[in-house]
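let's see this in three dimensions:
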Amino acid sequence: MPGSLQHMTTTPDPVEIFADMLCPFAHVGIHRVLEARLDRGGSSPKLWIRAWPLETINDGPFDGDLLADEIAALRGGVAPELFAGFDPKTFPSTAMPAFALAAAGHRVGPAVGEAVSIELRNRLWEHGEDIADPGVLAEVADVHGIEVTDADRATVAADHAEGEARGVIGSPYFFANGEGFFCPTFNVSRDGSGFHVTPDRERFATFVAAALG
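Prediction:
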């Protein structure tokens, strides 16, 4: 028989995440998935982080000052190592340009899309940069060799519409192996004394099994 059989490899399906750039709960959830993936010694499946624009859904922009209580609860309950650069004074007025830049990265490929999405969030939450600032966005685009098009900008509304059709109810919402998971990392509650965040290890383990195998 002529020729030889070649070993065929397949790329795992990405983990889809509908999330807002300016959502602190999404920042924690995404980091926990990256950590779980690293614990398993791999860099795949990639994370396809799609737009869930809360400023559109809520008919108004985020207020950095109002997020302080949520971030304090997250740091106190589940993520003491995150949000080192949070600064209400430099908090973006919109996430729309950052969403478009992330979409441009995903258009190039899954690895670039994931890297751009993570870098934007880290610049915001860990380094206190305004990711609506054209200079910051241009720097990220230059590092990754990408350029935003009108089609990339249009993906924000398209992602929102698709998320609604698929039952997304908030940020972050994960899809893995055909299952949907809303904020599987922790539980959030609020009472007269403020926000409370506690780990949900069982639900997160179920999600990780579906997402990472």
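
can you give me how far the helix or strand where residue 65 lies is from the chain middle?
Assigned by DSSP states H and E, residue 65 belongs to helix 64-77. How far helix 64-77 lies from its chain's middle: 18 Å, per Cα atoms, centre = their mean, to the nearest Å.

quick one: residue 22 and residue 54 touch, right?
Yes: the pair residue 22 / residue 54 is scored as a contact, 7.1 Å apart, by Cβ atoms under 8 Å. Placement of C-beta: from N, CA and C, glycine included.

who touches both of the two?
Contact criterion Cβ atoms under 8 Å, 6 or more residues apart in numbering; residues bridging residue 22 and residue 54 by contacting each: residue 62.

between these two, which has more neighbouring residues?
Of the pair residue 22 and residue 54, residue 22 is the one with more neighbours under other Cβ atoms under 10 Å, namely 26 against 21.

what distance do you get for that one to residue 180?
Taken as Cβ to Cβ, to the nearest Å, the spacing of residue 22 relative to residue 180 amounts to 22 Å.

so which bits of the strand or helix carrying residue 122 are buried?
Per DSSP H and E: residue 122 is located in helix 110-125. Across helix 110-125, burial judged by 16 or more other Cβ atoms under 10 Å covers 110, 112-125.

name the nearest of the residues you listed relative to residue 143.
Minimum distance to residue 143 across these is 7.6 Å, recorded for residue 119 (Cβ to Cβ).

quick one: that closest one and residue 141 touch, right?
No: using Cβ under 8 Å, residue 119 makes no contact with residue 141, being 10.6 Å away.

any stretches of this structure with poor pLDDT?
Applying pLDDT under 70 to the chain flags residues 1-11.
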